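Enquirer: Mind folding the following:
(2 chains, ligands or ions: 2)
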Amino acid sequence: MRIGFFLREAFRALSRSAAPSLAAMLTILITALVLGVFIPVVQATTGTANEVRSRVVVDVYVKDGASDADKAALRARIEQLPNVGSLQYISKDQALAQMKKKNAQAFALLGSNPLPDSFRITPRDPGGVNAIADSLRTNPPAALDDVRNRRRDTDRILSATGLVKLVTAGLAALFLIASIALVANTIRLSIFARRREVEVMRLVGATNWFIRWPFVIEGMLVGLMGGTLAVLLLLIGKETFVDPLAHRFALLAAPSTISFTLLAVLLLVACVAVSAIGSGVTLRRFLRV
Amino acid sequence: MPGGSREQGLARQRRDVPVVAFRDVTKVYDGGSVGLEKVSLEIGRGEFVFLVGPTGCGKSTCVRLLMKEIDADAGEILISGHELSTMPRKKVPKLRRNVGVVFQDFKLLPNRTVYDNVAYSLQVIGESRESIRRKVPDILRLVGLSTKLHNYPDQLSGGEQQRVSIARAFVNHPPLLIADEPTGNLDPETSIGIMQLIYRINRTGTTVVVATHDREMVDKMRRRVIELREGRLMRDQTGGMYSEEESTVEFAARLRKELGIGSDAHREHRDHASPLITP
Ligand SMILES: Nc1ncnc2c1ncn2[C@@H]1O[C@H](COP(=O)(O)OP(=O)(O)OP(=O)(O)O)[C@@H](O)[C@H]1O
Ligand SMILES: [Mg+2]
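Expert: Ligands and ions are numbered 1, 2, ... in the order given. Predicted coordinates:
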């Protein structure tokens, strides 16, 4: 009976103050769309970045003319390090062959092979690249000539991934705040539009929450409608654009993106929560017995 | 109204617990204007009291204080022994359910019918559908609006609108009914009809406080009169020939005669087919 009353009151209010409700609903819709697009995109980007990071390697150059015993000692030393995923020995000749493949002309001019023998370490955790290099540099084995971990490349990749996440989070936060503000405004207008009812409710002794519930429900309905519409649009977008392309491009089918059902549920919950917060903010400020 | 005089008798016995008590109540508004200044008064159960005085003397301030819409700056206000300034916010709704209030501007919801206006006030305090279905027709019969259940407020005369607002205030039979200028927007004949209705409610044992600046009406009615001036209590006296046994018909007839509007005395009868006029 009461739930029915609250719902009826909320729908009554919605139909009467259509314009501000629509504005709030559109903002929530946009927020949900942004989140709905960015969450998978960020996941894909992070996935790709992780892949790139997994390609990060440490090259250990062997001194020219080092004895086989020294080389073996160096290999043993490397194998003892923690966080070593895989270890690959690349001889002078193999290295030259690889380089010639990349840039045949430049290496054709060289009479002799300037490249050293080297070990290529792929760390288990890409973040630990620097630690590997540092531990080899302190107290270096006899055969060690130089360690290159491409620190700058690694750092750049790491910071780029971080930046993408940060920008997305910032954008999402801005939209969330805008949504809350607009729902709050809608509810404020709704309270104003129904000030007679509110006055009568106070007059006859309705409790605080009895007065508030219809407004909270109104706010949540706005959120629910915005969220549902966003999910529908995302579904259409997914079916018409992403899915056909996914067959052709590997990136779009990135391995670890969220399932659509989970995404839809999350978005709906977020929309309803946001609008409930928005209504709550206004009610605390404007509706007291 | 056979039970009326017995109720009044009971009321006299219980007057030691006043329904309303003001003790040195002072209210100063934010702008510095004085609403009330050191007002003390007591209103016993079943009394009919007029609150009079020129505009700005503090009548509405009293009403707002009694609803706990505003709080006094100093002094005590007690309703049936409950102190208002120390009452927690949570209990305010319960207080308001026990104090029916009627205003000059009716405060009806324009997009709801007569029936729905009254039903709404019950819905919002969580009454069950059955009790609403039982109470609303009863109270609308009492105020003489059984034939206009489905009219909207703007299809009613001023007097009829005020009857709806009285029905809303009295539907749960609160022990205290307060009316702030209930006849302020009405012509004299319609005003008598409204006063007659309020008097009838009083005769069921309800304590009634009516704020008004219609001095003529007040003098003729010969009830207790509390006069305020610039927020101070000026006069608190019971008019001559005060009769608690006067029936509503006698009451209305006397008012009409004394106000000199006997000629179109049938109008209210015709408008409302008034079942409230029982001897
Ligand atoms: N909300 C308010 N803020 C500031 N001052 C107020 C407020 N309400 C009333 N007052 C002042 O308090 C005083 C008493 O006002 P109140 O409304 O009680 O008068 P009243 O007796 O009801 O007058 P009227 O007969 O015109 O209705 C007046 O001087 C008025 O200006
Ligand atoms: Mg007033």
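Enquirer: any weak-confidence spans in the stretch 101-250 of chain A?
Expert: A:102-107, A:109, A:150-158, A:161, A:244-250 (pLDDT under 70).
Enquirer: so A:S179 sits right up against A:V272, yeah?
Expert: No - when contacts are counted by CB atoms under 8 Å, A:S179 is not listed as touching A:V272 (11.3 Å). From N, CA and C alone the C-beta is placed, and that goes for glycine too.
Enquirer: okay, the two: which has more neighbours?
Expert: Neighbour count, other CB atoms under 10 Å in any protein chain shown: between A:S179 and A:V272, A:S179 has more, with 28 against 19.
Enquirer: for the more buried one, helix, strand, or coil?
Expert: Secondary structure, DSSP: H, G, I helix; E, B strand; the rest coil: A:S179 is helix.
Enquirer: Work out for me the element the closest residue to ligand 1 within the stretch 151-289 of chain A sits within.
Expert: Of all residues in the stretch 151-289 of chain A, the one sitting closest to ligand 1 is A:E199 (14.9 Å; CB to the nearest ligand atom). Per DSSP states H and E: A:E199 is located in helix A:195-204.
Enquirer: ok, how many other residues are close to A:V274?
Expert: A count of nearby residues for A:V274, using other CB under 10 Å, gives 29.
Enquirer: Roughly how far does it sit from chain B?
Expert: 28 Å (CB to the nearest CB, to the nearest Å).
Enquirer: follow-up on the earlier one: now do the same contact list for the residue of the stretch 151-289 of chain A closest to ligand 1.
Expert: Residues counted as contacts of A:E199 (CB atoms under 8 Å, 6 or more residues apart in numbering or on different chains) are B:K107.
Enquirer: Please apply the same query to B:F50.
Expert: Per CB under 8 Å, 6+ apart, neighbours of B:F50: B:V209, B:V210, B:A211, B:T212, B:V218, B:M221, B:R223, B:R224, B:V225, B:I226.
Enquirer: That one and B:E258: what is the separation?
Expert: Distance check for B:F50 against B:E258: by CB to CB, to the nearest Å, it reads 15 Å.
Enquirer: before we move on, back to that, in helices, which of the contacts of B:F50 appear?
Expert: B:V218, B:M221 (DSSP state H).
Enquirer: Tell me the most packed of the contacts of B:F50, by neighbour count.
Expert: B:V210 (28 neighbours).
Enquirer: Let me know the distance separating it from chain A.
Expert: Distance from B:V210 to chain A, by CB to the nearest CB: 17 Å.
Enquirer: Surely that residue is in contact with B:L176?
Expert: No - counting by CB under 8 Å, B:V210 does not reach B:L176; the two are 12.0 Å apart.
Enquirer: Next, the buried residues of the helix holding A:E199.
Expert: Neighbour-count burial for helix A:195-204, counted by 16 or more other CB atoms under 10 Å in any protein chain shown, picks out A:E197, A:V198, A:V200, A:M201, A:R202, A:L203, A:V204.
Enquirer: Quick one: distance of it to the chain centre.
Expert: 47 Å (CA atoms, centre = their mean, to the nearest Å).
Enquirer: List the buried residues of the helix or strand following it.
Expert: Next along the chain after helix A:195-204, taking DSSP H and E as the criterion, comes helix A:208-237. Of all the residues in helix A:208-237, those buried under the rule 16+ other CB under 10 Å are A:208, A:210-231, A:234.
Enquirer: All the helices of chain A, in order from the start?
Expert: A:2-16, A:18-54, A:68-80, A:92-102, A:104-108, A:129-137, A:151-193, A:195-204, A:208-237, A:243-246, A:260-286.
Enquirer: From the rest of the structure, what touches the first one?
Expert: In this case it means helix A:2-16. Counting by CB under 8 Å, 6+ apart, A:21, A:190, A:193-194, A:213-215, A:217-218, A:221-222, B:123, B:126 sit against helix A:2-16.
Enquirer: what do you get if the cut-off is 7 Å, keeping everything else the same?
Expert: A:S21, A:S190, A:A193, A:R194, A:W213, A:P214, A:I217, A:E218, A:L221, B:Q123, B:G126 (CB atoms under 7 Å, 6 or more residues apart in numbering or on different chains).
Enquirer: The third one too?
Expert: By CB under 7 Å, 6+ apart, the list of residues contacting helix A:68-80 from outside reads A:V60, A:V62, A:V84, A:L87, A:F119, A:I121, A:P141, A:A142, A:A143, A:L144.
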